[in-house]
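>>> I'll drop the sequence and a predicted model, then ask my questions.
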Amino acid sequence: MQQPSVSDEEHQEDSDPRTERARSEEMDVSLLRKGGVYEVQSASGSTYEVDVASKTCTCPDFTKRQPSGGCKHLRRVDIEIRSGIVPRPDGRLPATVDVTEQLSERILELEQEIDEREARRRELEATVAVLEELSIR
């Protein structure tokens with residue numbers, strides 16, 4: 001099941017002022033109830049309900065203007081869901097990623113690539129040596 005996402009809006013740009021405020025302003029986001037209803041408390045002390053399924057918010061900006069891509073609260077909830085900061089709309093916590101395991105796998109891949117390149121370098125050096133010997137004669 002795909003989670004609702006404000007970022008699905010094609011016309012939402014990262015440089016949009018609402019997106020910038022969603023990223024920079026102090027807000028506390030918490031899952032209010034399963035189904036994708038979140039509570040967002042702003043720095044001013046106001047609290048709003050954001051429903052990611054219906055892409056709505058109870059703030060005045062959304063209520064009056066219904067901005068394309070959502071208000072800053074809706075965008076902030078989306079950012080925090082995608083970042084794994086708050087639970088997903090179904091209430092489950094985001095899957096944890098074992099960074100150490102990922103790094104170990106990547107190191108092994110890189111070591112293998114280094115070995116392959118060193119073997120290729122040795123082959124090329126041998127070929128160059130043969131060609132140099134042939135050109136001397």
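It's in.
>>> next, Y38: secondary structure please.
Here Y38 takes the strand state, with states given by DSSP: H, G, I helix; E, B strand; the rest coil.
>>> for it, give me its contacts.
Y38 makes contact with 29-32, 49-52, 77, 86 under the criterion CB atoms under 8 Å, 6 or more residues apart in numbering. Yep, even glycine has a C-beta here, placed from its N, CA and C like the rest.
>>> what does A22 give?
72-73, 75-76, 79 are the contacts of A22 under CB under 8 Å, 6+ apart.
>>> pLDDT on the helix of greatest length in the chain, on average?
For the chain, the helix that runs over the most residues, judged by DSSP state H, is helix 99-136. In this model, helix 99-136 has a mean pLDDT of 91.
>>> how far off centre is it?
34 Å (CA atoms, centre = their mean, to the nearest Å).
>>> what comes up buried for it?
Judged by neighbour count (16 or more other CB atoms under 10 Å), helix 99-136 contains no buried residues.
>>> buried subset of the contacts of Y38 as a PyMOL selection?
Command for PyMOL that selects the buried part of the contacts of Y38, burial taken from 16+ other CB under 10 Å:
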select buried, resi 29+31+50+51+52+77+86
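>>> I'd like the contacts of Y38 as a markdown table, with distance to P94 and pLDDT appended.
As requested, those are exported to a markdown table (distance: CB to CB, whole Å; pLDDT from 0 to 100):
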| residue | distance to P94 | pLDDT |
| --- | --- | --- |
| V29 | 13 | 97 |
| S30 | 15 | 96 |
| L31 | 12 | 95 |
| L32 | 18 | 94 |
| E49 | 22 | 98 |
| V50 | 18 | 97 |
| D51 | 20 | 96 |
| V52 | 14 | 95 |
| V77 | 14 | 96 |
| V86 | 9 | 92 |
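>>> helix, strand or coil for the nearest residue to G36 once chain neighbours are set aside?
Distances taken as CB to CB, 6 or more residues apart in numbering put P89 closest to G36, at 3.2 Å, once the chain neighbours are dropped. At P89 the chain is in coil, as set by three-state DSSP.
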